[in-house]
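In: sequence below, structure please.
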Amino acid sequence: MSRTVNLGGTGLTEVPRLQAGLRELYLHDNQLTWLPDWLGDFPELRILDLSHQPLEALPESLGRLTSLEFLYVSDLAIDALPDALGELSSLRYLGATDNNLSVLPESLGRLTQLVELRLYGNQLTALPESLGGLHSLRELHLDRNPLTGVPETFDQLNELRVLSLRGAALTDFPVALSRLPRLRQLDLRANRITWLPDLAPEAFPALEKLDLRWLDLPVVPEWVHALEQRGCLVYRTAA
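Out: Coordinates of the predicted model:
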């Protein structure tokens, strides 16, 4: 039996019973509105793609997929992620973009193997402090969420390389990010930030690209010029 099952784009309205031993399961681009609890009974599953269909909820049983490394749950009809996702101890990638998520479970902070987290295009106004526990995270994409801030615990994301907050609702510059030792790209385009704080010269020690376009910034502090002088690309809207 093949250890990969691809039923994507086949018009499914319910999941057929599947045999044990699966490592990859693709159910994307169908018409599923619910998932059976037995979908969590595949201990060897590494990849699960459920994206692009009218799914209304994800079952808590997905938390039993403790070998899962890649989970795609984008463009669904969900407004919450199950708390049990925090049990996915092997998860390296989570894509939950373009949903109606307004809150995230605190349990996501237990995903210590997570390398990339994509949450853009949701309704998040705040993030749980527990996300500071994502010590392997390298990419975090939060664009197009009405976020008003980021947790102070973000200064614990020591492996983070890329952070995108384009089109959020930030009014204050997230100072905690300036202490991240490996952050290379920071996108703050199209937020509501109107001033930048004074930061120490050693702020953003690894930054290579800072995008400040479409911000109303009457004054640019010295540390921004210092970043440019050391080779960081700083994008600003012309006055």
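In: low-confidence regions, this structure specifically.
Out: The model of the chain has pLDDT under 70 over residues 1-2, 239.
In: 90 instead?
Out: The model of the chain has pLDDT under 90 over residues 1-2, 201-202, 238-239.
In: what about the strands in the protein?
Out: Assigned by DSSP state E, the chain shows strands spanning 4-6, 24-26, 47-49, 70-72, 93-95, 116-118, 139-141, 162-164, 185-187, 209-211, 233-235.
In: now the ones you listed as TSV including distance to residue 199 and mean neighbour count?
Out: To be clear about C-beta, it is placed using only N, CA and C from the backbone, and glycine gets the same treatment. Listed next are the strands of the chain as TSV, based on distance: least, CB to CB, whole Å; neighbours: other CB atoms under 10 Å:
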stretch	distance to residue 199	mean neighbour count
strand 4-6	49	14
strand 24-26	45	20
strand 47-49	41	19
strand 70-72	36	20
strand 93-95	31	20
strand 116-118	26	19
strand 139-141	21	20
strand 162-164	16	20
strand 185-187	13	21
strand 209-211	12	18
strand 233-235	14	13
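In: got a markdown table for those, with distance to residue 194 too?
Out: As requested, those are arranged in a markdown table below (distance: least, CB to CB, whole Å):
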| stretch | distance to residue 194 |
| --- | --- |
| strand 4-6 | 49 |
| strand 24-26 | 45 |
| strand 47-49 | 41 |
| strand 70-72 | 37 |
| strand 93-95 | 32 |
| strand 116-118 | 28 |
| strand 139-141 | 24 |
| strand 162-164 | 20 |
| strand 185-187 | 18 |
| strand 209-211 | 16 |
| strand 233-235 | 17 |
